[in-house]
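Peer 1: please work out how this folds:
(4 chains)
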Number of protein chains: 4
Amino acid sequence: MSKTTTMGVEIRFGDCDPAGIVFFPRYHRWMDAASLHFFMTCGVPPWHELELTTGIVGTPLLEHHARFVKSATYGEKLLITTNVVEWGAKVFKQKHVVTRGDDLICESTETRIFVVRDKVDRRKIRAIPVPEDIRAKCE
Amino acid sequence: MSKTTTMGVEIRFGDCDPAGIVFFPRYHRWMDAASLHFFMTCGVPPWHELELTTGIVGTPLLEHHARFVKSATYGEKLLITTNVVEWGAKVFKQKHVVTRGDDLICESTETRIFVVRDKVDRRKIRAIPVPEDIRAKCE
Amino acid sequence: MSKTTTMGVEIRFGDCDPAGIVFFPRYHRWMDAASLHFFMTCGVPPWHELELTTGIVGTPLLEHHARFVKSATYGEKLLITTNVVEWGAKVFKQKHVVTRGDDLICESTETRIFVVRDKVDRRKIRAIPVPEDIRAKCE
Amino acid sequence: MSKTTTMGVEIRFGDCDPAGIVFFPRYHRWMDAASLHFFMTCGVPPWHELELTTGIVGTPLLEHHARFVKSATYGEKLLITTNVVEWGAKVFKQKHVVTRGDDLICESTETRIFVVRDKVDRRKIRAIPVPEDIRAKCE
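Peer 2: You can find the predicted model right below:
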């Protein structure tokens, strides 16, 4: 399907909530970072460089489904394992599995699209087909 | 099923990413706030008060499934409509629908549990059945 | 010096850390929101609209000095009172005072500049003098 | 004065704002992480372990003063160099210098205190003198 990449995360005090465990939107921040980390590890430039040549400004989500299995707290280290499990013409599905040693902490499957910024009205962004050259680098 | 509550959100500059749109984990922060806002509007005290009497420290997620339909940016106002669509013995499903005027921006269904802090090892939290009195206030 | 504006904030569970109090960078997020809220209340459009006509993309900080007096937690409401205490040719000083009822929670004085995005290399931003028309709206 | 520690940070897409640069409260998150990283590198356990033995739940800020010199964006790596520049009986001053290669990005000096959770009303926290044994580990 695609290459598989890994990204380490150290959990910090400020990532945790009054229950003392990671506040779940933080996992989505880290998985979003792992999503871009996947592309950059596969040789794709960061979006702010791509924007200059292709107009691409990112890969927003259409949908995602996440399961949270165990909690984690600060001082612990996580590993996020990421790959693309399905390439469509317009969308792709990326999966992130977050582990702490042998423990599965959480996992999410995200449906994402590539978007470019409109050249006339820069406030607007629109979807484009999955770029062939980017897909080729990731397979 | 349950009462339905609404919570307003004003999108701020810092909620948006380099593409100029709301960074999606922010929606989960707001939906988490809407989750607690639902309980407090139904007459349940905030967790830090409940902790003193019942040990309850929050309602972490087991799972959630979200769809992102339209993007939004800062200076705009959102409305989050929240209710409980299913009560189980141990879990409950809460749904959040985020709108901007007539536009559906995103929605998520969350499976959550109630947890208490362990009295001996305060670093540990464990699940309890959905408290009857809390459920009664929300129906 | 300038008009004075106020902005309300409701503290949420996810704004608080394992000590159960607001994690201090959240105050800076809110004060940043109060900074833009000040300009918008004075009649200045949000930056994403200004960017199209003037190239202005925001008012980053050069410096700030904050004092934290009392702690606060979720379920509480804050008020942020904001004004500009000094206008320079290139910089301006904006002050935010955060209160909860009669309690002073924290305050910060920020030195900010106006920046525009470079038209050729869009990754670069550069400082401009404080725009006369924006200052006039705020006084 | 004290030992000096360093902590690396990789800037991510979601750390940046619509101007394309790091949103400044993120620097404070990282500096807060660097503050705890300093203590843990000096051999002090994380707060959630200390809480069980000493009641200490963290080191909130009384005050800080930060300067922002250059902007940074995602895909870049930062280094945060941290030490304690002054130990008082009740407070300590910790300094963080954030660099990207040879570039100074920002720096902040923070005045912090040690706090314990009240054993009766767990919602309350109160300041204690700087613990001798913790200071000894850091010098």
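Peer 1: could I get the contacting residues of A:Glu139?
Peer 2: A:1-3 (C-beta atoms under 8 Å, 6 or more residues apart in numbering or on different chains). Bear in mind the C-beta positions are built from the backbone N, C-alpha and C, glycine included.
Peer 1: and the residue nearest to the spatial centre of chain A, how far from chain B?
Peer 2: Using C-alpha atoms, centre = their mean, the residue of chain A that lies closest to the mean C-alpha position is A:Ser35, 2.3 Å off. In this view, A:Ser35 and chain B are 11 Å apart by C-beta to the nearest C-beta, to the nearest Å.
Peer 1: so that residue touches A:Thr109, yeah?
Peer 2: No - taking contacts as C-beta atoms under 8 Å, A:Ser35 lies outside contact range of A:Thr109: 11.6 Å.
Peer 1: overlap in contacts of those two?
Peer 2: Counting by C-beta under 8 Å, 6+ apart, the residues touching both A:Ser35 and A:Thr109 are A:94, A:96.
Peer 1: what are the neighbouring residues in contact with A:Phe38?
Peer 2: If you count contacts by C-beta under 8 Å, 6+ apart, A:Phe38 has them with A:3, A:5, A:82-84, A:94, A:138.
Peer 1: so what's A:Leu61 bridging to?
Peer 2: As for beta bridges, A:Leu61 partners with A:Arg112 under DSSP bridges.
Peer 1: thinking again about what came up before, format the contacts of A:Glu139 as a markdown table; extra columns: pLDDT.
Peer 2: Formatted as a markdown table, these follow (pLDDT from 0 to 100):
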| residue | pLDDT |
| --- | --- |
| A:Met1 | 73 |
| A:Ser2 | 93 |
| A:Lys3 | 97 |
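Peer 1: for the residues you listed, pick the one with the most neighbours.
Peer 2: A:Ser2 (19 neighbours; other C-beta atoms under 10 Å in any protein chain shown).
Peer 1: that one sits in which helix or strand?
Peer 2: Counting by DSSP states H and E, no helix or strand carries A:Ser2.
Peer 1: please name the nearest non-neighbouring residue to it.
Peer 2: Nearest non-adjacent residue to A:Ser2, counting by C-beta to C-beta, 6 or more residues apart in numbering or on different chains: A:Val84, 3.7 Å away.
Peer 1: where exactly do the helices run in chain A?
Peer 2: A:24-41, A:47-54, A:132-138 (DSSP state H).
Peer 1: what about the closest residue to A:His96 other than its chain neighbours, distance to D:Val120?
Peer 2: Leaving aside its sequence neighbours, A:His96 sits nearest to A:Met31 (C-beta to C-beta, 6+ apart; 4.3 Å). Per C-beta to C-beta, to the nearest Å, A:Met31 is found 41 Å from D:Val120.
Peer 1: and these two? Which one has more around it.
Peer 2: A:Met31 (26 against 6).
Peer 1: mind listing what's buried in the worst-scoring helix or strand of chain A on mean pLDDT?
Peer 2: Taking mean pLDDT, DSSP states H and E as the measure, chain A has helix A:47-54 as its least confident helix or strand, at a mean of 87. Buried residues in helix A:47-54, counted by 16 or more other C-beta atoms under 10 Å in any protein chain shown: A:47-48, A:50-51, A:54.
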